[in-house]
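Novice: Next come a sequence and a model predicted from it.
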Amino acid sequence: MAKSRRLTMREKKLNAELKKKWQEEGIIPPDKPKLDRKRFIQEAMDGWNSREPDAIWDIYIYRAISIMLGHSERRSLRRSLEAVGAAKILKTAMRLREFHEKNRAEGKTEYRMMDEYDYIKDILDA
């Protein structure tokens, strides 16, 4: 397969003009604003911490994880980073349970947080 060449400044300018024109005509959607990740996470944490405590939340958590696991990138079957994040949550939860069961079987009642972190680190780094 031949290596593609870099676009010239003229070609880049033409592409940008076409994109802008097509967005104005509604042929392609407008650019999405960038997500402020820190603010988004903080809002999610604040909302979760201020929710009404009742057992029904388990159902919504299971449903949300199911939706996120099925999330794919636009117009492809490739799984999105969000789906990978949801899968990491599930794998981390299973690994944490495994860690606690292992400690209980060994008769350990105390452990260091670093030991727990080391047990799940490979999932976080994946």
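Specialist: Sure, I can see it. Numbers count the residues shown, from 1 in each chain.
Novice: Can you get me the start-to-end distance on stretch 27-35?
Specialist: Start-to-end span of stretch 27-35 (Cα to Cα, to the nearest Å) is 24 Å.
Novice: from what I can see Leu7 touches Ala16, true?
Specialist: No: counting by Cβ atoms under 8 Å, Leu7 sits too far from Ala16 to count as a contact (10.6 Å). Every C-beta, even on glycine, is put in place using the N, C-alpha and C of the backbone.
Novice: what about the spatially most central residue of the chain, which SS state?
Specialist: Central residue of the chain (Cα atoms, centre = their mean): Glu82, 2.9 Å from the mean position. Secondary structure, DSSP: H, G, I helix; E, B strand; the rest coil: Glu82 is helix.
Novice: what sits against it?
Specialist: 68, 71 (Cβ atoms under 8 Å, 6 or more residues apart in numbering).
Novice: What residues of stretch 117-126 count as buried?
Specialist: 119-120, 123 (16 or more other Cβ atoms under 10 Å).
Novice: which strands and helices sit next to the lowest-mean-pLDDT helix or strand in the chain?
Specialist: Here the helix or strand of the chain ranked lowest by mean pLDDT, DSSP states H and E is helix 57-69, holding a mean of 89. Counting contacts by 3 or more Cβ pairs under 8 Å, 6 or more residues apart in numbering; DSSP states H and E, helix 57-69 packs against helix 81-105.
Novice: so for the helix it packs on, what's the average pLDDT?
Specialist: Computed over helix 81-105, the mean pLDDT rounds to 93.
Novice: What separation do you get for the residue nearest to Ala83 when sequence neighbours are not counted and Lys38?
Specialist: Nearest in space to Ala83, with sequence neighbours left out and distances taken as Cβ to Cβ, 6 or more residues apart in numbering, is His71 at 4.6 Å. To Lys38, His71 is 22 Å away according to Cβ to Cβ, to the nearest Å.
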